[in-house]
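Novice: sequence first, then the predicted structure:
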Amino acid sequence: MTSRSLRIWSLTHKWTSLACTIFLLIICITGLPLVFREEIADLLSDDPPYAVLPADAPRENLDHFVEKARARYPSEIIRSIFIDDDEPKVVVAIAPTPDALPKLVHWMRFDARTGDLLKEIPPTSQRPLGFLTLMLRLHMDLFADLPGALFMGFMGLLFVTAIVSGVVLYAPFMRKLDFGTVRSDKPRRVKWLDLHNLLGVVTLAWGLVVGTTGVMNELSKPLFGLWQGTDVAAMLKTYHDKPMAEHLSSVQAAFEKVQETLPGKVITGITFPTATNIGSPHHYVIWTKGDQPLTSRLFTPVLIDAETGALTAVADLPWYLRALEVSRPLHFGDYGGMPLKIIWCVLDLITITVLGSGLYLWAARRRSPVEARLVEQDAVTFAAAEAAE
């Protein structure tokens, strides 16, 4: 490595790190509770308990939940049904109009076995912001929706660039030191520099995984929009001139048809015909996933004609959406139970230390005399010369 290339890598590492550090600190701090979001949600929940029934108790017909929701809100439309595969829970989402904004949607939560209504959840516009929702919005888009998500995705790219450039710089500067050396007999800034380098290298693989999967997650809206505008639009071409479905067929029959067609899949939700871009104006979109640990992260939507009940298509997701689905559990560490969540938490705390120490090193260098900075710059040149030998 030449002196010029080393200077370029050094400047790249410094400025990409500085540009993203504050936002990465926000991401890391908000990410800590999100790693344990299921446990926190259970702790904060005030939901009434489910009925005590045998484990093999059958589930209520889905049409029952539809009828209850329509009887309670006859002037509104059902947006979707969520079917929990971990708990005996069915959640029906209801909107005032077919094209209503998400913040106007409210929910009815049922016991899936008895069919009893357990709780009604008002729209987000009518209830205070919950702790986990606050953390998730700050983590994803800083309450700026798609522009905020794209901005945070760009910060993730800068983070990945800072990691790569840091690895490139690590070798020449640590050439004459043993791995993991922290020179405690040196000035405080040198000790923090050694600790910064050590922790950065130790968390290298984790940082790259979380950084790249975070960028993928931030692109979820445009990626799903691309899929809907290409593959889904092609599948629905024959329905282009038809009005939105009004006389809907049985939801339970559509559910059973998908079960027969894809026996190895678990159905997790049903999107009703809608005028928004979350589904199709003419179909039930039934979301299925695999029944194995790996395939449970891969979703396959099935289109059922909402008026006739006929199966229209099994819409396999393209590769970029499958990559997105796989990236989500990797990002939050929620595919290996509590032990992996604890590891993710520890690595997150270490990353916060790396980011904080990087800010300290930059600020301490800015406060140092000009002569000391010139000596440091000469050290960069010397390290490059040694690395090139």
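Specialist: Thanks, I have it.
Novice: only C-alpha atoms from now on, for both contacts and neighbour counts.
Specialist: Noted.
Novice: quick check: buried residues in stretch 290-305?
Specialist: Neighbour-count burial for stretch 290-305 flags 290, 296-305 (criterion: 16 or more other CA atoms under 10 Å).
Novice: pick the one among the residues you listed closest to Val326.
Specialist: Nearest to Val326 out of the buried residues of stretch 290-305 is Arg297 (CA to CA; 6.1 Å).
Novice: low-scoring stretches of the stretch 251-389 of the chain, by residue?
Specialist: By pLDDT under 70, the weakly predicted segments of the stretch 251-389 of the chain are 293-294, 366-389.
Novice: could you dump the buried residues of stretch 290-305 into TSV and include distance to Thr230 and secondary structure?
Specialist: Formatted as TSV, those follow (distance: CA to CA, whole Å; DSSP: H, G, I helix; E, B strand; the rest coil):
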residue	distance to Thr230	secondary structure
Gly290	25	strand
Ser296	25	helix
Arg297	23	helix
Leu298	20	coil
Phe299	18	strand
Thr300	16	strand
Pro301	15	strand
Val302	16	strand
Leu303	16	strand
Ile304	19	strand
Asp305	19	strand
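Novice: got these as a markdown table, with distance to Asn61 columns?
Specialist: Compiled in a markdown table, the buried residues of stretch 290-305 are given as follows (distance: CA to CA, whole Å):
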| residue | distance to Asn61 |
| --- | --- |
| Gly290 | 22 |
| Ser296 | 24 |
| Arg297 | 26 |
| Leu298 | 26 |
| Phe299 | 23 |
| Thr300 | 23 |
| Pro301 | 21 |
| Val302 | 20 |
| Leu303 | 20 |
| Ile304 | 18 |
| Asp305 | 19 |
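Novice: specify which member of those residues is nearest to Trp319.
Specialist: Closest approach between the buried residues of stretch 290-305 and Trp319, by CA to CA: Leu298, at 10.8 Å.
Novice: Phe110 falls within a helix, correct?
Specialist: No. Assigned with DSSP: H, G, I helix; E, B strand; the rest coil, Phe110 falls outside any helix and is strand.
Novice: quick thing: my sequence starts at 36, can you match it?
Specialist: In the new numbering, first residue 36, that becomes Phe145.
Novice: contact partners for it?
Specialist: 100, 124-126, 151-154 (CA atoms under 8 Å, 6 or more residues apart in numbering).
Novice: need the longest helix for the protein.
Specialist: helix 38-70 (DSSP state H).
Novice: of the buried residues of stretch 325-340, closest to Ile378?
Specialist: Taking CA to CA as the measure, Ile378 lies nearest Arg332 of the buried residues of stretch 325-340, at 20.6 Å.
Novice: wait, what's in contact with the closest one?
Specialist: Counting by CA under 8 Å, 6+ apart, Arg332 touches 324-325, 360-361, 364.
Novice: what segments of this structure are helices?
Specialist: Using DSSP H, helices in the chain cover 38-70, 72-79, 97-107, 166-175, 180-208, 223-237, 239-253, 255-262, 268-270, 286-296, 354-367, 372-402, 405-423.
Novice: let me see the mean pLDDT of the first one.
Specialist: Same thing as helix 38-70. In this model, helix 38-70 has a mean pLDDT of 90.
Novice: so that helix versus helix 354-367, what angle?
Specialist: Angle, helix 38-70 to helix 354-367, by axes from the mean of the first three to the mean of the last three CA atoms, to 10 degrees: 80 degrees.
Novice: quick one: low-confidence ranges for the stretch 36-185 of the chain?
Specialist: The low-confidence ranges in the stretch 36-185 of the chain, as defined by pLDDT under 70, are 36.
Novice: change it to 80
Specialist: Residue ranges of the stretch 36-185 of the chain with pLDDT under 80: 36-38.
Novice: let's see the PyMOL selection covering just the buried ones among the contacts of Phe145.
Specialist: To isolate the buried subset of the contacts of Phe145 in PyMOL, counting by 16+ other CA under 10 Å, use the following:
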select buried, resi 100+124+125+126+152+153
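Novice: tell me which two in the contacts of Phe145 are the farthest apart.
Specialist: Farthest-apart pair in those is Phe100 and Lys154; separation 13.1 Å (CA to CA).
Novice: tell me the domain boundaries of this protein?
Specialist: Structural domains annotated on the chain: 38-73+170-253+371-423, 90-165+260-367, as defined by automatic domain parsing.
Novice: I'd like the ones you listed as CSV, with distance to Leu79 appended.
Specialist: Below are those laid out as CSV (distance: least, CA to CA, whole Å):
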stretch, distance to Leu79
domain 38-73+170-253+371-423, 10
domain 90-165+260-367, 10
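Novice: now do Ser219 against Ala288, distance only.
Specialist: To Ala288, Ser219 is 70 Å away according to CA to CA, to the nearest Å.
Novice: repeat that for Gln327.
Specialist: Distance, Gln327 to Ala288, using CA to CA: 25 Å.
Novice: just how off-centre is the longest helix of the chain within its chain?
Specialist: Computed by CA atoms, centre = their mean, to the nearest Å, the chain-centroid distance of helix 38-70 equals 20 Å.
Novice: helices or strands next to it in the packing?
Specialist: Identification of packing neighbours for helix 38-70 by 3 or more CA pairs under 8 Å, 6 or more residues apart in numbering; DSSP states H and E yields helix 166-175, helix 180-208, helix 354-367, helix 372-402, helix 405-423.
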